[in-house]
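*Asks:* Sequence and computational prediction follow.
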Protein chains: 2
Amino acid sequence: MTTIKDIAKIAGVSVATVSRVINESGYVNVDTRKKVEEAINVMNYSPNEVARSLYKRKSKLIGLLLPDITNPFFPQLARGVEDLLQENGYRLIFGNSDENEDKELDYIRTFVQNNVIGVISSTNFPDSDTYHKLKIPIVFLDRTSNESPSVYADGREGGRIAAREIILRGSKRITILQGPAHIKPAQDRFQGAIEVLEELGMTYDVIQTSSFSYGEAGKWAKELFDKHTDTDGVIASNDIVATAILQEAHRLGKAVPQDVQIIGYDDTPLSSLLSPSLSTIRQPAYDMGREAAGLLIRLIEQDKVEDSIIQLPVSFVERETTRTII
Amino acid sequence: MTTIKDIAKIAGVSVATVSRVINESGYVNVDTRKKVEEAINVMNYSPNEVARSLYKRKSKLIGLLLPDITNPFFPQLARGVEDLLQENGYRLIFGNSDENEDKELDYIRTFVQNNVIGVISSTNFPDSDTYHKLKIPIVFLDRTSNESPSVYADGREGGRIAAREIILRGSKRITILQGPAHIKPAQDRFQGAIEVLEELGMTYDVIQTSSFSYGEAGKWAKELFDKHTDTDGVIASNDIVATAILQEAHRLGKAVPQDVQIIGYDDTPLSSLLSPSLSTIRQPAYDMGREAAGLLIRLIEQDKVEDSIIQLPVSFVERETTRTII
DNA sequence: GTAACGAATGTAACCGGTTACACACTTGGA
DNA sequence: TCCAAGTGTGTAACCGGTTACATTCGTTAC
């Protein structure tokens, strides 16, 4: 490996001068600069970030913690984060937490051990000691915590919209899928939907679910139509679950949206590809990722940061699993 | 930040002794060890990986380069990689290359700058200088390069299976979607399918595509049914494209699989959730990721590694977009 | 003529670990 | 009794950068 010493020797200068050239700091004579730059080019040298990081006590690394990249909502988020960071010269250490606090703690620890300069986390435990004790900037993504910097979409409003739209389009016996209890945004959207239904004095049923996994979604779909045969509107906990409902409805010979309307949540790419395509509440996942990265960069590079809590709008995406308003 | 010096001071020993305790190397008296361990616990100390990495010239970091995490095939791969690495104490620096050689080069460079100890890459340029010059172990994932360690599924055989199955199930006028020219596995599966069609002397049509993006897939679906109205069997370049075809067939009032059979590729999670669910060629993405990680770990930790080229089997997953064999 | 300052460069300490080496003490066998 | 080997611990060099500080030289101002 080529080191700064090698470059110094080739260029006939000291390491300090090479460092000055690399970092464009201090005084360097133009001719000296040329010699050094030439040596750098010849040797195709790039400085060791580890050595830098050790001295400066900070790196260009940022930790990203997501529950499960396999859930189609998260690749969008991750991509948004990665794109903006990459454009700004930062790199990502990435981990899946599986919503598991121990795994999360373990990752945060190794992030710190690697001198990461900031963390973006989709955690269910934003108020845990782990995060409070962190001395580096942290942005909660798709999750919130009182005063801490965070980027999220308005889940409660999303739930409200879903309920309003499905009612507006004529469903009378609505069933709501309640997402996993420990996932805050899932509960927010659930609460939002409930609120509207209560306000309008509608009767409704609830099916509990405990994950967003592909594998189990089918089970809840079966349970739903089993228990609530006459349901004519389903507000799903996310697009995966909505897809399973759609499939099950199909299997049972129920016409969608004529017999049952279905509204998903997230607007993952798959939802537009289904037949019929899925009406859903859109969260701007990619933008959320970008915003989170942008906010983190600001927190890292600036003294004062305003608007460190960013809420992005959700919207109803009308497709084919809901009826048109008459 | 707590350093090894702090611990040494608290425990009343030298840093060398603390280091010996941490790394379980050399001689340490039991009582001394206890004192040190106590100090470590009290201070909740964990050693700085950056300092370690600098001295040892290697870290616990591994670079992972994927084309686009947003393509639903890759999260599975990534998850497989991450799971096995995490279990073995390694961490991941992650980047999206967009199949772009410059971006790839840039990532590889920063991987090296950060003393990564190995790289897993899904690249279209495995034989480029960038990789040849790398002095650390590298595993090509979902891609191959002559003698270099790689993990992939048999694309040609996948293509052959797809063609055989669709013919076996009665399609006479088959259209093949040819994936992006620069993506090797896409061409492999295309070639495999062509081979079988030629061997059996069947006529067929080809539609060129230039990406796997959701956005453009619809366009090719339209083009397909526009140009080849009478096609009764479509071999898609992957599941995303297959989904778009399915949707378009639906829109045109063609019955699937009665009028047109469709076979996808990858068996991404979405394919089982469609209605009708998608028959496809399964690549064991998660396992591919795990295998790649396992192979890389072996390359890192062992002197000699046998079987450094791992080919995983593909299989036909029969669902509802193909007819049953009579 | 010289004090003051800017430009250019080098020396060496430092970041937080690991480890080669030196040294002291114990133990056991010849 | 003496030496070799084993045990236990500390000192300091080292990894590859950055930077505080010292030094030298040339120019300008008084």
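*Replies:* Sure thing, it's come through. Computed from a prediction, not measured in an experiment: that's the story for all the values here. Numbers count the residues shown, from 1 in each chain, chains lettered A, B, ... in the order given.
*Asks:* distance between the ends of stretch A:103-123?
*Replies:* 11 Å (CA to CA, to the nearest Å).
*Asks:* What residues of that stretch count as buried?
*Replies:* Neighbour-count burial for stretch A:103-123, counted by 16 or more other CB atoms under 10 Å in any protein chain shown, picks out A:104-108, A:110-123. Quick note: C-beta positions are derived from backbone N, CA and C, even for glycine.
*Asks:* contacts with chain B among these, please.
*Replies:* A:Thr110, A:Val112, A:Gln113, A:Asn114, A:Asn115 (CB under 8 Å from any CB of the partner chain).
*Asks:* three-state assignment of the first one?
*Replies:* When you say that, I think you mean A:Thr110. On the three-state scheme (DSSP: H, G, I helix; E, B strand; the rest coil), A:Thr110 is labelled helix.
*Asks:* Surely it touches B:Tyr90?
*Replies:* No - with contact defined as CB atoms under 8 Å, A:Thr110 and B:Tyr90 do not form a contacting pair (9.7 Å).
*Asks:* Overlap in contacts, these two.
*Replies:* When contacts are counted by CB atoms under 8 Å, 6 or more residues apart in numbering or on different chains, A:Thr110 and B:Tyr90 are jointly contacted by B:Lys60.
*Asks:* mind checking pLDDT for A:Leu141?
*Replies:* Note for A:Leu141: predicted pLDDT of 97.
*Asks:* Please read the previous query as pertaining to A:Pro269.
*Replies:* We have a pLDDT of 88 for A:Pro269.
*Asks:* what sits against the closest residue to it other than its chain neighbours?
*Replies:* Nearest-residue entry for A:Pro269: B:Tyr214, 4.7 Å, with adjacent residues in sequence omitted and distances by CB to CB, 6 or more residues apart in numbering or on different chains. By CB under 8 Å, 6+ apart, the contact list for B:Tyr214 reads A:Pro269, A:Ser272, A:Leu273, B:Ile240, B:Ala244.
*Asks:* rerun at 10 Å
*Replies:* The neighbourhood of B:Tyr214, defined by CB atoms under 10 Å, 6 or more residues apart in numbering or on different chains, consists of A:Pro269, A:Leu270, A:Ser272, A:Leu273, B:Thr70, B:Asn71, B:Pro72, B:Ile240, B:Val241, B:Thr243, B:Ala244.
*Asks:* Can you tell me the SS state at the fifth one?
*Replies:* Going back to what we said before, that points to B:Thr70. Under the three-state scheme (three-state DSSP), B:Thr70 adopts coil.
*Asks:* tell me the average confidence for stretch A:218-232?
*Replies:* Regarding stretch A:218-232, the rounded mean pLDDT is 94.
*Asks:* likewise stretch A:273-281?
*Replies:* For stretch A:273-281, the mean pLDDT works out to 90.
*Asks:* Restricting to C-alpha, output that stretch in CSV.
*Replies:* Output in CSV follows, covering the C-alpha atoms of stretch A:273-281 (Å, rounded to 0.1, in the frame of the first residue of the first chain):
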residue,chain,number,x,y,z
LEU,A,273,-48.2,-3.6,-10.6
LEU,A,274,-51.0,-5.6,-9.1
SER,A,275,-54.2,-6.5,-11.0
PRO,A,276,-56.3,-4.7,-10.0
SER,A,277,-53.7,-2.2,-9.0
LEU,A,278,-53.8,-1.2,-5.3
SER,A,279,-55.3,2.0,-3.9
THR,A,280,-53.0,3.0,-1.1
ILE,A,281,-51.7,5.7,1.2
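*Asks:* anything in it near chain B?
*Replies:* Yes - for stretch A:273-281, a contact with chain B is found by CB under 10 Å from any CB of the partner chain, at A:Leu273, A:Leu274, A:Ser275, A:Pro276, A:Ser277.
*Asks:* looking at those, which has the most residues close by?
*Replies:* Sorting those by how many neighbours each has (other CB atoms under 10 Å in any protein chain shown) puts A:Leu274 first, at 27 neighbours.
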